[in-house]
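Asks: What follows is a predicted protein model with its sequence.
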Amino acid sequence: MDKAAQPFDPKDFRQALGMFATGVTIVTAQAEDGTLVGVTANSFNSVSLDPPMVLWSLAKKARSLPVFSSTTHWNVHILSNEQEELSNRFAKAGEDKFAGLDLDVSSNTAPLLQGCSARFQCRTAFQYEGGDHTIFVGEVTHYDSSNRPPLLYVTGGYALAARKAGPVATEPTSNIEGASYSENLLGYLFGRAHFQFVHGLRGTLAQRQLSDTDFFILSLLSVKQPLKPEEIVAHIAYTGVDISSNTLQSLVKRGLLEVLSNGAGLRLSAKGSDAILHVLAAAKSFEADLVSRMGELESAALRNLLKQAISATDPGLPKLWQSATA
């Protein structure tokens, strides 16, 4: 509260406003000459339910302002958590923002993007001046929504929405005085979650006569191949599993791996590809069941947090999904 008595600082004011988490939207329209325009905006808000009306604002210095000021229709897209790249694309100027994008059929002339959490097709009701922005108010003529978790923007960066967990039934916390191991220890939570997930694959692994080590190697090569033996060892070393030449030779003898004659290393055989596809299908099935139990929002938040944990603890492991041009 002390800051209110200090001289008004625009930069500090912007930072204070940034503490309010907002959704991220892309608003699109079509110019009179047929040019498609779109901008990223987080100023979207509801005006009324009856009639259904929404508003958003655009900076007066925006190059697309003349189009939005003259058009009779525009569409608002609430972005999903998977559309961060799309948000960045439409936040930039001087490029064809719609290049390569598949569009749905719209009820009006404005382009309709795919893969969003929600979409509102609007007819301009009126617009008015709001400081350094123009505020557009529109009547919603059509809308649709999905179960995709929305993308958020807060304190200058993207965030992910998730419901706050309520009281849950858990195993009794250790009541031993001075106990240092509890159900809230991250190591315990990571470990138990991992083993419970892998437990769901045990049946398929047994049917295919695959050990955990076999699974690690085959799944690694299903992402990136061919790999030389030393590269396989480097990728799997962090698991604590010792990959010896005998391990790889055994997989070759069993017909799960092939040795390339040009010295490029090892790759999956047809039999190996079939085996790992069955295991990965079981993993996908287990994951789908987990998502249905947890919910889409919580599952997306979990993925995001696990990626952050992996990044924060990465000892410098080889990157599996890094592109050749990265």
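Replies: In hand now; what should we look at? Numbering: from 1, shown residues only.

Asks: which residues of the stretch 201-326 of the chain score low on pLDDT?
Replies: Segments of the stretch 201-326 of the chain classed as low confidence (criterion: pLDDT under 70) are 322-326.

Asks: After the longest helix along the chain, which helix or strand is next?
Replies: Criterion DSSP state H: the longest helix present in the chain is helix 270-294. Helices and strands here follow DSSP states H and E; after helix 270-294, the next one along the chain is helix 296-313.

Asks: Counting by contacts, list what that following helix packs against.
Replies: Where contact means 3 or more C-beta pairs under 8 Å, 6 or more residues apart in numbering; DSSP states H and E, helix 296-313 is packed against strand 157-160, helix 270-294. (Glycine included, C-beta is placed from N, CA and C.)

Asks: same for the last one, what does it pack against?
Replies: I take that to be helix 270-294. helix 186-199, helix 202-207, helix 212-223, helix 296-313.

Asks: contact partners of the shortest one?
Replies: Here helix 202-207 makes contact (C-beta atoms under 8 Å, 6 or more residues apart in numbering) with 211-212, 215, 278-279, 282.

Asks: Show me how to select, in PyMOL, the buried members of these.
Replies: Selection of the buried residues among the contacts of helix 202-207 in PyMOL, burial being defined by 16 or more other C-beta atoms under 10 Å:
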select buried, resi 215+279+282
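
Asks: Of the contacts of helix 202-207, just say which sits nearest to residue 313.
Replies: residue 212 (21.1 Å; C-beta to C-beta).

Asks: Could you measure from that closest one over to residue 45?
Replies: Separation of residue 212 from residue 45 (C-beta to C-beta, to the nearest Å): 51 Å.

Asks: Kindly report the same for residue 227.
Replies: Residue 227 is 52 Å from residue 45, by C-beta to C-beta.

Asks: mind giving me the domain split of this structure?
Replies: According to automatic domain parsing, the chain comprises the domains 10-160, 186-313.

Asks: Can I get the ones you listed in JSON lines including distance to residue 321?
Replies: As requested, the domains of the chain are exported to JSON lines (distance: least, C-beta to C-beta, whole Å):
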{"stretch": "domain 10-160", "distance to residue 321": "15"}
{"stretch": "domain 186-313", "distance to residue 321": "7"}
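
Asks: Of all these, which one comes closest to residue 319?
Replies: domain 186-313 (9.4 Å).

Asks: So for stretch 72-85, what gets flagged as buried?
Replies: Going by 16+ other C-beta under 10 Å, stretch 72-85 has these buried residues: 73-81, 83.

Asks: Check the offset of it from the chain's centre.
Replies: Offset of stretch 72-85 from its chain centre (C-alpha atoms, centre = their mean, to the nearest Å): 15 Å.

Asks: Span of that stretch from start to end?
Replies: One end of stretch 72-85 sits 28 Å from the other (C-alpha to C-alpha, to the nearest Å).
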